[in-house]
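Undergrad: What would the 3D arrangement of this be:
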Amino acid sequence: MKYVLADIPAREIIPGFHGRLIHTEKSTLSFWDVEEGAQLPEHAHHHEQTTQVLEGEFELVLDGEKILCSPGSVVVVPSNTKHSGKAITACKLLDTFSPVREDYK
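TA: This is a model prediction of the structure:
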């Protein structure tokens, strides 16, 4: 199946995080447009997650460790690991989740 991101309506899942979501049988892809200064509150979930910065800078805090991410950075967030973040600049991120994020449907 082919998707065109521009055809997928963006949803503000967290204040300042506008996502275009694609769900497959076993995973969710979240293409985020993130406003400068937007905060991702600390949380954990059973999903394995990867976060890739496509544009801009994002500070991810993974299990208490601050990681400054820029374009080309990829961070793996293991299942049930506490993490949070902040958009240093306006940025574009791609998160992948496995299994599917039912709460994002």
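
Undergrad: Contacts only, for the residue nearest the centre of the chain.
TA: The residue lying closest to the centre of the chain (CA atoms, centre = their mean) is D95, at 3.8 Å. Contacts for D95 (CB atoms under 8 Å, 6 or more residues apart in numbering) come out as L29, S30, W32, Q49, T50, T51, Q52. Quick note: C-beta positions are derived from backbone N, CA and C, even for glycine.

Undergrad: now do H47
TA: T28, S79, F97, S98, P99, R101 are the contacts of H47 under CB under 8 Å, 6+ apart.

Undergrad: next one: V74
TA: T50, T51, Q52.

Undergrad: Now do the same for it: its pLDDT.
TA: For V74, the pLDDT comes out at 98.

Undergrad: List the beta-bridge partners for it.
TA: Q52 (DSSP bridges).

Undergrad: what's the distance between it and E102?
TA: 24 Å (CB to CB, to the nearest Å).

Undergrad: try M1
TA: The value you get for M1 to E102, if CB to CB is used, is 19 Å.

Undergrad: For those two, work out which one has more neighbours and name it.
TA: E102 (9 against 4; other CB atoms under 10 Å).

Undergrad: any idea how far that one is from H46?
TA: With CB to CB as the criterion, E102 and H46 are 11 Å apart.

Undergrad: Could you check the pLDDT of the closest residue to E35 other than its chain neighbours?
TA: Leaving aside its sequence neighbours, E35 sits nearest to G16 (CB to CB, 6 or more residues apart in numbering; 4.0 Å). In this model, G16 is scored at 98, pLDDT.

Undergrad: What backbone torsions are found at G16?
TA: Main-chain dihedrals, G16, degrees, to the nearest 10: phi 90, psi -10.

Undergrad: which SSE is K86 in?
TA: strand 83-87 (DSSP states H and E).

Undergrad: Sorry, slip of the keys, the one I care about is D95.
TA: strand 91-98.
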